[in-house]
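S.K.: Predicted model and sequence follow; I will ask about them next.
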There are 2 protein chains.
Amino acid sequence: MGISDRKEREREEMRRRILDSAKKLFLDLGYEKTSVRGIAEDIEYSPATIYLYFKDKNDLLFALHQEAFVEFAKTFEKVATIADPFERLVALGREYLTFAFSNPELYELMFLLTAPMEALEIKEDVWEDGKNVYMALEALVAACQAEGHFKGADISEL
Amino acid sequence: MGISDRKEREREEMRRRILDSAKKLFLDLGYEKTSVRGIAEDIEYSPATIYLYFKDKNDLLFALHQEAFVEFAKTFEKVATIADPFERLVALGREYLTFAFSNPELYELMFLLTAPMEALEIKEDVWEDGKNVYMALEALVAACQAEGHFKGADISEL
DNA sequence: ATAATATACTAAACACCGTTTATTATATTT
DNA sequence: AAATATAATAAACGGTGTTTAGTATATTAT
């Protein structure tokens, strides 16, 4: 079925156009000062169209947040080959900083714009990718502890 | 002039009524979800009345923020008599925690609701009381350093 | 006491906002 | 060619912060 393939492709392109515009405006103006109407005008579609692709304004931030974390998760893969847990943690810290400085937009999206998201309603929603990253970090610290590092520390206090 | 004294007093009472209501609602619902109309309804006045006493919604948060910091500044006075800078800093830390736990509302107003204020427009505005508190802290740490504490540290990294 | 003036307040409007509904034009299938 | 599904939208709903124009009331001056 070539037609439904194209349809699916077009739908994905529309989603991208919306997300790219939302990302630009969120980073430029901040979440609160960005309006759905503004995004609609930017992509030259009616505001209602956005609601055919996303549940609401929160969903836009959520989708971008998720994408940013997927991107960030690759950082973990980069250091996965390092055998020693402590060295792996150090390398991860370095990669984290590298990521933050070379992808300032994504970084802002992930951490600086987290507050508005929590302040609104999402909070306990899926938020899967973020949790995965956190759990990976937790596991790594636990591995370090098993090797005798951070003797006095408690993971749950992070 | 007794009359203008009473007028001034009445004006101050109105300001208080507005601020008390705003404080209650900000803490209950958060800044964004609190509406000027809601505050107006709570005090049983028209929304327009609020604008006779405060420039805008931001100004309400700003006034409360300021009051909270004035209150917090008293913590500094409490420990001012301690001669040794380092002991003074330790005592201040203790007082800080005491303040946070015994005035949770003010504490939240000062620190947790700071983000919305910065996210909006105030940012580089007066913000005097907060700056004073910070400068007093900085001076105290400097005094500690003069006494040989925190040798490797740099104040500007706080 | 009465007229003029200043004060406190409000109803209504303005220009936005996020979101939903009903409708129309277009593309696909039958 | 007719029926159906899809995509987009115009218009509306109920909200927001804020401003404006107008109205009572209280104060001052005559």
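M.R.: Sure, I can see it.
S.K.: Over to stretch A:72-87 now: how far is its first residue from its last?
M.R.: The first and last residues of stretch A:72-87 sit 19 Å apart, counting by C-alpha to C-alpha, to the nearest Å.
S.K.: For stretch A:87-100, buried residues please.
M.R.: Taking 16 or more other C-beta atoms under 10 Å in any protein chain shown as the basis for neighbour counts, the residues of stretch A:87-100 that come out buried are A:88-89, A:91-92, A:95-96, A:99. The way it works is simple: take the backbone N, C-alpha and C, and place the C-beta from them, glycine included.
S.K.: Can you tell me which one of those sits lowest on pLDDT?
M.R.: Taken together, those show their lowest pLDDT at A:Phe99, with 74.
S.K.: Nearest residue to it in space, please, no chain neighbours.
M.R.: Distance criterion C-beta to C-beta, 6 or more residues apart in numbering or on different chains; nearest residue to A:Phe99, sequence neighbours excluded, is A:Thr75 at 5.4 Å.
S.K.: Quick one: name whatever helix or strand follows the host helix or strand of that neighbour.
M.R.: Following DSSP states H and E, the helix or strand that holds A:Thr75 is helix A:57-79. As assigned by DSSP H and E, the chain's next helix or strand after helix A:57-79 is helix A:85-102.
S.K.: that older thread, which strands and helices sit next to the helix holding A:Thr75?
M.R.: Contact here means 3 or more C-beta pairs under 8 Å, 6 or more residues apart in numbering or on different chains; DSSP states H and E; on that basis helix A:57-79 packs against helix A:2-29, helix A:85-102, helix A:104-107, helix A:114-119, helix A:128-146.
S.K.: Pull out the buried residues from the first one.
M.R.: Same thing as helix A:2-29. Buried positions in helix A:2-29, judged by neighbour count with 16+ other C-beta under 10 Å: A:14, A:17-19, A:21-23, A:25-27.
S.K.: is that helix anywhere near chain B?
M.R.: No. Residues of helix A:2-29 contacting chain B under C-beta under 8 Å from any C-beta of the partner chain: none, with a closest distance of 10.4 Å.
S.K.: What is that helix packed up against?
M.R.: Under the contact rule (3+ C-beta pairs under 8 Å, 6+ apart), helix A:2-29 is packed against helix A:36-43, helix A:47-53, helix A:57-79.
S.K.: Check those for me: which has the lowest mean pLDDT.
M.R.: Within the helices and strands packed on helix A:2-29, the stretch with the lowest mean pLDDT is helix A:57-79, showing a mean of 85.
S.K.: got a pLDDT number for A:Ile18?
M.R.: Note for A:Ile18: predicted pLDDT of 98.
S.K.: Does it touch A:Leu60 like I think?
M.R.: Yes. With contact taken as C-beta atoms under 8 Å, A:Ile18 and A:Leu60 are classed as touching, separated by 7.2 Å.
S.K.: before we move on, the earlier item: identify, from the buried residues of stretch A:87-100, the entry nearest to DNA strand C.
M.R.: A:Phe99 (29.3 Å; C-beta to the nearest atom of the strand).
S.K.: Distance check, A:Glu12 against A:Ala40.
M.R.: Relative to A:Ala40, A:Glu12 is positioned 19 Å away (criterion: C-beta to C-beta, to the nearest Å).
S.K.: brain fart, A:Glu10
M.R.: Spatial separation of A:Glu10 from A:Ala40 under the definition C-beta to C-beta is 18 Å.
S.K.: again, but for A:Arg6
M.R.: Relative to A:Ala40, A:Arg6 is positioned 24 Å away (criterion: C-beta to C-beta).
S.K.: between the buried residues of helix A:2-29, which is nearest chain B?
M.R.: Minimum distance to chain B across those is 11.7 Å, recorded for A:Phe26 (C-beta to the nearest C-beta).
S.K.: Spatially nearest residue to the closest one (excluding sequence neighbours)?
M.R.: Leaving aside its sequence neighbours, A:Phe26 sits nearest to A:Thr34 (C-beta to C-beta, 6+ apart; 5.4 Å).
S.K.: same question, A:Tyr53
M.R.: Spatial nearest neighbour of A:Tyr53, excluding adjacent residues (C-beta to C-beta, 6+ apart): A:Arg15 at 5.3 Å.
S.K.: before we move on, what about A:Ala91?
M.R.: Using C-beta to C-beta, 6+ apart, the nearest residue to A:Ala91 is A:Val79, at 4.4 Å.
S.K.: If anything else comes up later, I'll come back, but that's it for now.
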